[in-house]
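*Asks:* One predicted model, sequence on top.
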Amino acid sequence: MNREKLKRIVLDIEATEKAIKDLSSHKRDLYADNAKEFEPKVLRKIIQRRKMDPEARTRDDDLLDQYESALGMTGKLAREAAAGERTYDEAAEEAGVSRRTMARHVARAKAVPKSTENDTPHDPETGEITQAQEVQPADGGTGTAEVTSSPAPAAVDLTLPPFLDRRAHA
């Protein structure tokens with residue numbers, strides 16, 4: 001056994017561990033020193049995203065957009081931005097998403113077909129159906145009742161693109 005070589009290896013490993021500890025401390029200090037001006041959580045996310053492959057980052061963005069859209073997190077705001085009722089920046093800020101994400105949601109909102117005359121009338125603010133509809137009472141008679149119901153969920157295309165569909169890779 002070569003004692004000198006073993007000693008050098010151990011010393012190199014110890015020096016490397018010290019350097020790693022010092023660098024970790026320096027990194028922690030960088031986040032702390034800039035916390036008043038920049039949110040450390042966001043800085044970490046940016047660093048993480050910059051390390052990602054651009055295609056993987058795009059897939060993640062697309063999947064996040066689909067989930068947010070499916071949950072209705074941006075739908076109304078995107079429609080308002082598409083109609084020119086608010087700017088992309090205002091809509092993005094209120095929804096808590098990036099301007100780029102909002103722009104994609106606005107593009108999808110513009111692609112959704114407009115309502116037709118056959119659609120059930122509803123309150124645009126609450127989504128409640130407002131049309132008086134013919135109803136069949138339990139006693140067999142007929143009558144008219146004002147119908148209000150919970151908002152119908154917006155039609156959202158949840159079809160995954162092939163590259164996101166894990167079932168296609170199974």
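*Replies:* Noted; the coordinates are in hand. Residues are numbered from 1 along each chain as shown.

*Asks:* Let me know the helix or strand that Lys27 is in.
*Replies:* For Lys27, the element it lies in under DSSP states H and E is helix 3-33.

*Asks:* Could you tell me how far Lys7 is located from Glu14?
*Replies:* As judged by CB to CB, to the nearest Å, Lys7 and Glu14 stand 11 Å apart. All C-beta spots, glycine's among them, are computed from the backbone N, C-alpha and C.

*Asks:* Find the nearest non-adjacent residue to Ala82, please.
*Replies:* Once flanking residues are discounted, Ala82 sits nearest to Ala109: 4.3 Å by CB to CB, 6 or more residues apart in numbering.

*Asks:* Looks like Thr87 contacts Leu77 (just checking).
*Replies:* No. Assessed by CB atoms under 8 Å, Thr87 is found out of contact with Leu77, at 10.7 Å.

*Asks:* Of these two, which one has the most company?
*Replies:* Leu77 (23 against 13; other CB atoms under 10 Å).

*Asks:* This structure: helices as residue ranges?
*Replies:* Ranges of helices in the chain, per DSSP state H, are 3-33, 40-51, 54-70, 75-82, 88-95, 99-111.

*Asks:* just the ones you listed: most buried one?
*Replies:* Comparing the helices of the chain by mean neighbour count (mean count of other CB atoms under 10 Å), helix 75-82 comes out on top with a mean of 21.
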